[in-house]
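J.: What shape does this take:
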Amino acid sequence: MKTRNLLMMGMVAVAMMLGGCAETDNDMMEMAPAVKDGQTVKINVVDNGYGDVTRAAESNDEEVQGENTIMQTNFIAGDKIGVFSISAGGAVHYNNLELRYNGTEWVNPDGETFYYFTGMRYYAYYPYNPDFDSENGVDWSAEGVDAFFAPYVTDWQPQEDQSTTKQYMASDLMVGAGAMSGETFTFSMGHTMGLIFISVAEEIKGTIFLFPKLTEADAIDSLNADSKIFTFEQKVYKPSRKQGYYRYIVKPGGNPTFISGANPDGRLFSFTCDNVSGGHYKKYIVDGGFDPSKCEIKPFVVEIGDVMLNDYSFVRRPADGTTIYATYGSTINNKKLGVVAYLAESDDEYTEGFTHGLILKTSVDYKNQFTYSQYASYTDTELTNFTTVKDALKDKSGLSNSLLHWSLFSQSSTNEKNRIFEYQLTALTGKVSNWFLPSVGQWGKIISDIGCTISPNGTITYDHGMTNNFAADINTLFASISVKPGEAYSSNSNAWRGFVSSTEATTSGLSLYKVVFNTTPPSFSTYGKESQYVNFWRAAAF
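T.: This next block holds a predicted model:
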């Protein structure tokens, strides 16, 4: 999606101006490119940052003479740009080509290759819009990136609610031109909107749970009672849970923006910001601003196998393979909710609209009878059927599948329904989803995060591990909750080994996919709905 890791580049001695405009065609022209026409090239995308031209007069405290904050952006996995290219004669090559950053490189999700040609003008914008109106959103005859995207920039309006990374980045329109640099093709992006930057005297004390594929804005905090946190009337964005900085994007030349809130003691503050030009920011300091020395922060980077507790905190998976009870005692053991099985990336499509990832229950449900005669009456319009693993891996929402199963069994007994869809997580409503049976796509993400590679045709390989045996390794990974995925969950020697998914496997409506962990590598296969002996390992998104 559209989020990025917004990094504070620190304080510098002299006020610097980073151009808010993206590069023009003159900037784009390169000398002696290292690649030939029609050759594929590696793509890089960089941000020119925001420049501060004036200290905001409304600050509550004076800023040190010459002090300045420059902000730039590192793109992270899941970010997307849209690319246009035009030849010297005006012929269009790329028209809103989507390029997505996977954490290593920028690629088109559908496999389209990016080619470089000399004399071609390349322009990009961020965040990517699949419904971009290329008839009216750009000026095809214009020279220079600013003129090219002028219609789109003119119509752009920042969102009123910028309180989440997704909403904030959906407001931060950037445009840029591309050029060769050695063997790398680089888009240099500039911000088109203005920015209000606010520094407040917060004292942050406690544990900050960080997620390796997400920004610090998406961290989960568990703060001590003596922390001092400010509140805002407006839905501003906090780019890091570890710092007392806030941001709000505004339209250059738009109406003045009023910002107000309260400090930890309840005293009110307010200011009005206007005349912020595109690509620049105004800084406001409240109660002296943020001082890192007054914070006491314990960072905790969440990993696969860590356990979520019912107070929305986490404990580390015991490295020695013991249980949560043996390591932390009964109090923590009684609070365990789920084990972290998948860590999401930016705007992840497999986490049911939640931000951070997927947990699996700390116990597995085993049913010795799973007979659904009513499945035979299902039609293709009621349930989506995936006849190959390749297609099934595109099934992204086990929660939607489970809800549909629930509705189709409206006449079944409560007990039978609960085998498909469980109770709501009332203690963490809004933070964690209901329990559901994962889809094949979600199982695929889980398998990938614990050491496997899944090819486009569904072939799974296990490319690393403690013993090079997947079943043994995954048993060790989940040892803290006493779940052994590589083993059966029945006293019956013929019990089906593996976990049923919520993804339909045949057009007849009589089979689901299952994932089997007691092989190296794990595998997907089908499971007849009228069979016996089935295991349920339920997931929730958070």
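J.: so what's the residue lying closest to residue 292 once chain neighbours are set aside up against?
T.: In space, and not counting its chain neighbours, residue 292 is closest to residue 243: 7.3 Å by C-beta to C-beta, 6 or more residues apart in numbering. All C-beta spots, glycine's among them, are computed from the backbone N, C-alpha and C. Contacts of residue 243 were listed using C-beta atoms under 8 Å, 6 or more residues apart in numbering, and they are 8, 202, 204, 216, 290, 292.
J.: Next up, the contacts around the second one.
T.: Read it as residue 202. Per C-beta under 8 Å, 6+ apart, neighbours of residue 202: 227-230, 243-244, 264, 290, 295.
J.: ok so, going back, backbone phi and psi for the residue nearest to residue 292, please?
T.: phi -140, psi 160 (degrees, to the nearest 10).
J.: what's the distance between it and residue 204?
T.: From residue 243 across to residue 204, the span is 8 Å (C-beta to C-beta, to the nearest Å).
J.: Overlap of the contact sets of the two?
T.: Common neighbours of residue 243 and residue 204 (criterion: C-beta under 8 Å, 6+ apart): none identified.
J.: pLDDT weak spots in the protein?
T.: By pLDDT under 70, the weakly predicted segments of the chain are 1-36, 38, 52-72, 367-382, 408-427, 464-467, 488-497, 509, 530-533.
J.: quick check: domain ranges of it?
T.: Using automatic domain parsing, the domain ranges for the chain come out as 4-193, 195-298, 303-541.
J.: farthest pair in the contacts of residue 202?
T.: Greatest spacing in the contacts of residue 202, by C-beta to C-beta: 243 and 264 (15.8 Å).
J.: Now for the closest residue to residue 313 other than its chain neighbours, how many residues are close by?
T.: In space, and not counting its chain neighbours, residue 313 is closest to residue 222: 4.8 Å by C-beta to C-beta, 6+ apart. By other C-beta atoms under 10 Å, 15 other residues sit near residue 222.
J.: likewise residue 196?
T.: By the measure other C-beta under 10 Å, the count of residues near residue 196 is 21.
J.: Isn't it up against residue 274?
T.: No - counting by C-beta atoms under 8 Å, residue 274 is not a contact partner of residue 196; they are 10.2 Å apart.
J.: what distance separates stretch 250-261 from the centre of its chain?
T.: 28 Å (C-alpha atoms, centre = their mean, to the nearest Å).
J.: Show me which residues of it are buried.
T.: Of all the residues in stretch 250-261, those buried under the rule 16 or more other C-beta atoms under 10 Å are 250-251, 257, 259, 261.
J.: swap in stretch 212-220?
T.: So, applying 16+ other C-beta under 10 Å, buried residues of stretch 212-220: 213-220.
J.: With stretch 102-110 instead?
T.: Taking 16+ other C-beta under 10 Å as the criterion, stretch 102-110 shows 106-107 as buried.
J.: for residue 480, what are its contacts?
T.: 305, 307, 317-318, 321-324, 327, 339.
J.: run the last query once more with 10 Å
T.: 305-307, 315-328, 333, 336, 339, 362 (C-beta atoms under 10 Å, 6 or more residues apart in numbering).
J.: Ok, residue 542 next?
T.: Residue 542 neighbours (C-beta under 10 Å, 6+ apart): 220, 308, 312, 337-338, 340, 344, 351-352, 354-359, 425, 428, 431-433.
J.: Pull out the buried residues from those.
T.: In those, the ones that pass as buried (16+ other C-beta under 10 Å) are 220, 308, 312, 337-338, 340, 344, 351-352, 354-359, 425, 428, 432-433.
J.: if we can go back for a sec, out of the buried residues of stretch 250-261, which one sits closest to residue 169?
T.: Residue 169 has its nearest neighbour among the buried residues of stretch 250-261 in residue 250, at 15.0 Å by C-beta to C-beta.
J.: Doesn't residue 474 belong to a strand?
T.: No - Residue 474 is assigned helix when assessed by DSSP: H, G, I helix; E, B strand; the rest coil, not a strand.
J.: Done for today, thanks.
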